[in-house]
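Enquirer: no FASTA, just this:
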């Protein structure tokens, strides 16, 4: 048995919030903690529906705007401040590009309807992946086993021949229950080492 595919989560793995100062300031301005603000954006009913593709990104941000009482003209500034501390890990993306020479590479992300556009037009990293599976486009979210199967099918590999990396433990567990090798992300260096070790072990 060999490793034929490596599948990556995006948020919390390839794109991480390195500086929370702007997000903390936004939360304080609205009289809440950062955790509550993040739950409003990522979770609750609107965030869940947006990740499932039941509403588009514009409706989701309108729901966030209404919940916070933000004037329409300030929504773009709010979004900019909320994402300001997020950084793309270029070294990790380069590592994926190296892996892609000999392996299939995939992206599997619980994300809103605009993620593919952001990947192509802002980050320019679509070349690192043979397939991109985005929850809002599929109507499925991790850890639903069906979305892992979509990723495997798009890459043309079996579960036992794939490695999956995610920062959320429940998504790692979901991948393992599918029969995939799975790694919980903690640091970029740790993940590069563990992926390399799994690949090497299966060539011995």
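Expert: Now that the structure is in, tell me what you want to look at. Keep in mind that what you see is a predicted model, and the values were worked out from it rather than measured.

Enquirer: From residue 55, how far out is the closest residue in space to residue 54 that isn't next to it in sequence?
Expert: Nearest residue to residue 54 in three dimensions, chain neighbours excluded: residue 139, at 7.7 Å (Cβ to Cβ, 6 or more residues apart in numbering). In this view, the C-beta of every residue, glycine as well, is placed from N, C-alpha and C. Distance check for residue 139 against residue 55: by Cβ to Cβ, to the nearest Å, it reads 12 Å.

Enquirer: again with residue 36
Expert: Residue 36 sits 21 Å away from residue 55, going by Cβ to Cβ.

Enquirer: can you check residue 18 too?
Expert: Note on residue 18: its distance to residue 55, by Cβ to Cβ, is 29 Å.

Enquirer: Looking at the two, which one has more neighbours?
Expert: Here residue 18 and residue 55 are set side by side on neighbour count (other Cβ atoms under 10 Å), and the busier one is residue 55, at 20 against 9.

Enquirer: Run through the residues that contact that one.
Expert: Residues in contact with residue 55 (Cβ atoms under 8 Å, 6 or more residues apart in numbering) are 46, 49, 63.

Enquirer: redo that, cut-off 6 Å
Expert: The neighbourhood of residue 55, defined by Cβ atoms under 6 Å, 6 or more residues apart in numbering, consists of residue 49.
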